[in-house]
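> from the sequence below, what's the structure:
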Amino acid sequence: MATKEKDREVTFKIGEHFGVISTSANGWQRELNMVSWNGGAEKYDLRDWDKDHKSMSRGITMTQEEVKELGNLIIDLKL
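Numbering: from 1, shown residues only. Okay, the predicted model is just below:
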């Protein structure tokens, strides 16, 4: 897939979908996926997507090491 971002094309491919964290009133879903951006290596990706996965919000991409560290920080929160 491709989308325009400030006069440049951004390509992406969702490789694996892990799950939905929440759904907003407009139907967009905050999801954790493995995404390849601009033909690069897949990374963990957390952002909001429309129902067709054609439009997305700004989000965050993380390496496996960063996701592991985030998991450790969440565990330490003792929620």
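
> quick one: the strands in the chain, in order.
2-5, 8-23, 29-37, 43-49, 60-62 (DSSP state E).

> could you list every helix and strand in contact with the third one?
Here strand 29-37 is seen to pack against strand 8-23, strand 43-49 when contacts are counted using 3 or more CB pairs under 8 Å, 6 or more residues apart in numbering; DSSP states H and E. Bear in mind the C-beta positions are built from the backbone N, C-alpha and C, glycine included.

> again, but for the longest one
The contact analysis (3+ CB pairs under 8 Å, 6+ apart) places strand 8-23 against strand 2-5, strand 29-37.

> confidence-wise, which of these is weakest overall?
Ranked by mean pLDDT, these end with strand 2-5 at the bottom, a mean of 62.

> show me where the protein dips below the pLDDT cut-off.
2-7 (pLDDT under 70).

> what sits against the nearest residue to residue 14 once chain neighbours are set aside?
Using CB to CB, 6 or more residues apart in numbering and skipping residues adjacent in sequence, the residue nearest residue 14 is residue 33, 5.0 Å away. Residue 33 makes contacts with 14, 15, 16, 17, 18, 44, 45, as judged by CB atoms under 8 Å, 6 or more residues apart in numbering.
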